[in-house]
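> with the input below, show me the fold.
(one chain, ligands or ions: 2)
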Amino acid sequence: MKPRVSPPQFHGRLHDARTATSIGRWLGPAFAVCFLTGLISHFTQHPPGWLADAMPSRPVWGYRLTQGLHVASGTAAVPLLLAKLWTVYPRLFARPPLRSLRHALERLSVAVLVAGALFELATGLLNTAQWYPWPFSFVPVHYAVAWLVTGALVLHVAVKAPEIKAHWSRRSPGTLALPAGDGPDRRSLLAAVTAGAGAVTLTTVGQSFTPLKDLILFAPRDPDQGPQSLPVNRTAVAAGVDRFDAERYRLVVRGPRPFTLTLDELRALPQHEAELPIACVEGWSRSAHWTGVRVKDLVERAGAPAHARVRVVSLQPRGGYRVSEMGHAHARDPLTLLALRLNGEELDPDHGYPVRLIAPNRPGVLQTKWVGRLEVLA
Ligand SMILES: Nc1nc2c(c(=O)[nH]1)N[C@H]1C(S)=C(S)[C@@H](COP(=O)(O)O)O[C@H]1N2
Ligand SMILES: [Mo]
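Ligands and ions are numbered 1, 2, ... in the order given. Coordinates of the predicted model:
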């Protein structure tokens, strides 16, 4: 390719379309996986009406896998994106800056792509660290910008298709014409980028893929840390439910045949066990052993029709996660429990004492703690 855009200060042979394509080979799929798993997460948490009734409760590990992939692909994309930006940054100084309307539009779309991609990776990464140093609400903004980035990315790939095609295969005709030494340089750069992406993945993915948890170096969460070997996002004190009176506690079940249960009555009901993960949207996940009452038994006793949705309301006075809803697949799944015990002990206050919801294939944000009420929805 003719170096049409590089002013003389950029001699680097690696600032070229071939290197950009080689990195894009990985960066593109990382963004695609991140976007698709992000969509899954979004629609799991905010399903439109028709979808709410269709959300499957199996496989048990479904959300853990997709959210683990979301955070892992986003994390791996950080070194890939930085390398890609390094490769193409001389184009920032292209002269003349705008050659035509088409060129102007192309530059604008790349600007949107770069700004949006940096924004998504930065906010996502800070979110995994539970740090929200911005004045807007993370979820809707992260979601909206994801569409912007994906649109700009599709446009970018379409515009660059001829160059991508020319450089995609490992031995394109151009290779032989390159100056000696270029091949090894490029290979070294790509090896370093691959090693960087691999290293950040291996040292963080253990936060959700627990077989690799001993390799965790940079992950904000150690899945072992926390009461009863399970991490906590919001503690009982932070949620304002720490002054709890077991004598006065009642589980209220609303439905065609409403009833209430004391804590002792809950304990006296048939208890069931389930091995289920908490899969937090922030990227950590941990499996645990839960014991409790089946939600199915409670809603059937309340006279719920087979396809009824169920709302779970916490004792927590305020906060975004005090209420969650589930479709009939979750409500009727034998593994969906109002758990009273965790790993063989009564729930720790921070895990939702006296009862918390635990259901298969469900994001952590919807595993409501300190449950005070179940409502069968018409
Ligand atoms: N009432 C209530 N339930 C809640 C939350 C909350 O803030 N309030 N946080 C949710 C989030 S984000 C997660 S990841 C899980 C964490 O459960 P754990 O603290 O027992 O691990 O609880 C969920 N249940
Ligand atoms: Mo979470």
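
> how much space between the residue in the stretch 51-200 of the chain positioned nearest to ligand 1 and Ser22?
Nearest residue of the stretch 51-200 of the chain to ligand 1 (C-beta to the nearest ligand atom) works out as Gln130 at 9.6 Å. C-beta here means a position set from N, CA and C on the backbone, and glycine is covered the same way. The gap separating Gln130 from Ser22 is 35 Å, by C-beta to C-beta, to the nearest Å.

> swap in Asp350?
According to C-beta to C-beta, Asp350 and Ser22 sit 47 Å apart.

> do the same with Thr87
Applying C-beta to C-beta, one obtains 9 Å for the distance of Thr87 from Ser22.

> picking that back up, so between Gln130 and Ser22, which is more surrounded?
Shown here are Gln130 and Ser22; by other C-beta atoms under 10 Å, Ser22 has more neighbours (23 against 12).

> now do the same contact list for the more buried one.
167, 186, 190 (C-beta atoms under 8 Å, 6 or more residues apart in numbering).

> buried residues, stretch 132-149. List them.
Neighbour-count burial for stretch 132-149, counted by 16 or more other C-beta atoms under 10 Å, picks out 139, 142-143, 145-146, 148-149.

> mean confidence score for that stretch?
Across stretch 132-149, pLDDT averages out at 95.

> run the chain-centre distance for that stretch.
On the basis of C-alpha atoms, centre = their mean, to the nearest Å, stretch 132-149 sits 13 Å off its chain's mean C-alpha point.

> contacts for it next, please.
Outside stretch 132-149, the residues that touch it by C-beta under 8 Å, 6+ apart are 31, 35, 38-39, 42, 45, 112-113, 116-117, 119-120, 123-124, 126-127.

> then that stretch to PDB, C-alphas only?
As requested, the backbone C-alpha atoms of stretch 132-149 are provided in PDB (Å, rounded to 0.1, in the frame of the first residue of the first chain):
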ATOM      1  CA  TYR A 132     -18.600   4.200  39.300                       C
ATOM      2  CA  PRO A 133     -16.700   7.500  39.000                       C
ATOM      3  CA  TRP A 134     -19.300   9.100  36.600                       C
ATOM      4  CA  PRO A 135     -22.500  11.000  37.000                       C
ATOM      5  CA  PHE A 136     -24.600   8.700  34.700                       C
ATOM      6  CA  SER A 137     -26.200   5.400  35.200                       C
ATOM      7  CA  PHE A 138     -23.900   2.700  34.000                       C
ATOM      8  CA  VAL A 139     -26.200   0.100  32.600                       C
ATOM      9  CA  PRO A 140     -28.300   2.100  30.100                       C
ATOM     10  CA  VAL A 141     -25.300   4.100  28.900                       C
ATOM     11  CA  HIS A 142     -23.000   1.100  28.500                       C
ATOM     12  CA  TYR A 143     -25.800  -0.600  26.600                       C
ATOM     13  CA  ALA A 144     -26.600   2.400  24.200                       C
ATOM     14  CA  VAL A 145     -23.000   3.000  23.400                       C
ATOM     15  CA  ALA A 146     -22.600  -0.700  22.600                       C
ATOM     16  CA  TRP A 147     -25.000  -0.300  19.700                       C
ATOM     17  CA  LEU A 148     -23.100   2.800  18.500                       C
ATOM     18  CA  VAL A 149     -19.800   1.000  18.600                       C
END
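
> is ligand 2 contacted by that stretch?
No - Stretch 132-149 is not in contact with ligand 2 by C-beta under 5 Å from the ion; minimum separation 11.5 Å.

> was I right to think the residue of the stretch 51-200 of the chain closest to ligand 1 contacts Glu282?
Yes - counting by C-beta atoms under 8 Å, Glu282 is a contact partner of Gln130 at 6.1 Å.

> which residues are in contact with each of these two?
Counting by C-beta under 8 Å, 6+ apart, the shared contacts of Gln130 and Glu282 are 220, 233.

> which residues in the chain form strands?
According to DSSP state E, the chain carries its strands in the segments 251-254, 259-261, 272-279, 285-294, 309-314, 323-326, 337-342, 345-346, 356-358, 371-377.

> which of these sits closest to Leu230?
Of all the strands of the chain, it is strand 285-294 that lies closest to Leu230, at 5.4 Å by C-beta to C-beta.

> buried ones in the closest one?
Neighbour-count burial for strand 285-294 flags 285-288, 290-294 (criterion: 16+ other C-beta under 10 Å).
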